[in-house]
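S.K.: quick one: sequence plus predicted model below, questions after.
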Amino acid sequence: MVIIKSPREISLMKEAGRVVGLVFKTLEESIKPGMSTLDIDAIVEKVMLDNDCIPAEKGYYDYPASSCVSVNDTILHGIPSNKIILKNGDIVSVDIVASYHGYMADACRTFKVGNISERAERLVRVTKEAFFEGLKHVVVGGHIGDISHAIQSYVETHGYNVTRDYTGHGIGTHMHEDPNIPNYGKEGTGHRIEPGMALAIEPMVLEGRKDTRVLPDGWTVKSKDGKLTAHYENTVIVTKEGYEIITMYEGEK
Ligand code: MF3
Ligand code: CO
């Protein structure tokens, strides 16, 4: 069941989204070779708590941290660790959810550590562009499948793959609500897009084959072939006129 948000609920989600943006701005200025993924988690937690938000991932199905920090071939749900040290040339995805008075905003960025290869650069760029291709189809009266199809086509045209194992989703007082938003699918299928929907649209892209595997820790998801992966996500509110992205900071490119 899709839950349509009231203006009051949307304003609370926007505050959560503002803090998510602030976290990304802080990380953009902080991520350096030599840091651990647990150092990143500490920054995420501090910025959220300092701004009256709760890191909603902590304790979600017993998840142990305030962020998911996924390096290179880890596509999702990397558990922050003081043993995972970032090195020059890595790409690191930071996926976070802030809750403000119970209302959530979810987003992810893939950051560059120092100077990265042309190959990694292209993957990160195409993943982000895929989100904006999907966004063009956030139109009242359209279908969720239009977003899915646009993301899949864009990614595959560039020679990459989308995961079939994880999807985007609705969001509100729960991190994961209806509708499901796969990164693959057919135009004209899925739920109709209506004003007041809150959508977490999140291309998760593999440089190589689409297959993933979960590590014995029960969380960390890697590409099976060991090739690079990238992830870009925003929470988007559907409006009568179109949409509003609530998890980007002012001036963010
Ligand atoms: N933020 C992720 C998403 O994009 C989910 C994280 S799972 C958690 O949907 F357990 F870490 F919270
Ligand atoms: Co999400």
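M.R.: Happy to help now that I have it. Ligands and ions are numbered 1, 2, ... in the order given.
S.K.: what residues does the protein put near ligand 2?
M.R.: The chain comes close to ligand 2 at residues 106, 200, as judged by Cβ under 5 Å from the ion. C-beta here means a position set from N, CA and C on the backbone, and glycine is covered the same way.
S.K.: which residues of the chain fall in helices?
M.R.: 7-30, 37-50, 118-135, 144-157 (DSSP state H).
S.K.: the first one and ligand 1 in contact?
M.R.: When you say that, I think you mean helix 7-30. No: Helix 7-30 does not reach ligand 1 (Cβ under 6 Å from any ligand atom); its nearest approach is 10.4 Å.
S.K.: which residues are contacting that helix?
M.R.: Helix 7-30 is contacted by residues 5, 40, 43-44, 47-48, 51-53, 94, 96-107, 109, 111, 171-172, 196, 198, 235, 237, 246-250, 252 when judged by Cβ atoms under 8 Å, 6 or more residues apart in numbering.
S.K.: okay if I get the helices of the chain as TSV plus mean neighbour count?
M.R.: Output for the helices of the chain, formatted as TSV (neighbours: other Cβ atoms under 10 Å):
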stretch	mean neighbour count
helix 7-30	19
helix 37-50	20
helix 118-135	19
helix 144-157	22
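S.K.: residue 163: neighbour count?
M.R.: Counted with other Cβ atoms under 10 Å, the neighbours of residue 163 add up to 22.
S.K.: can you pull the contacts of the nearest residue to it once chain neighbours are set aside?
M.R.: Closest residue in space to residue 163, ignoring its immediate chain neighbours: residue 204 at 4.8 Å, by Cβ to Cβ, 6 or more residues apart in numbering. Residues in contact with residue 204 (Cβ under 8 Å, 6+ apart) are 75-76, 127, 162-163, 166, 183, 229-231.
S.K.: and for residue 131?
M.R.: 151, 201-203, 232-234.
S.K.: let's see that with 7 Å instead.
M.R.: Residue 131 is in contact with 201, 203, 232, 234, counting by Cβ atoms under 7 Å, 6 or more residues apart in numbering.
S.K.: need the residues of the protein near ligand 1, please.
M.R.: 57, 60-61, 63, 68, 77, 95, 97, 106, 200, 202, 233.
S.K.: export the residues you listed to TSV and tack on pLDDT and neighbour count?
M.R.: Conversion of the residues of the chain next to ligand 1 to TSV gives the following (pLDDT from 0 to 100; neighbours: other Cβ atoms under 10 Å):
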residue	pLDDT	neighbour count
57	98	23
60	98	11
61	98	8
63	98	17
68	99	26
77	98	22
95	99	23
97	99	28
106	99	28
200	99	24
202	98	26
233	99	24
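S.K.: what is the neighbour count of the nearest residue to residue 237 once chain neighbours are set aside?
M.R.: Nearest residue to residue 237, sequence neighbours excluded (Cβ to Cβ, 6+ apart): residue 244, at 4.7 Å. When counting by other Cβ under 10 Å, one arrives at 15 neighbours for residue 244.
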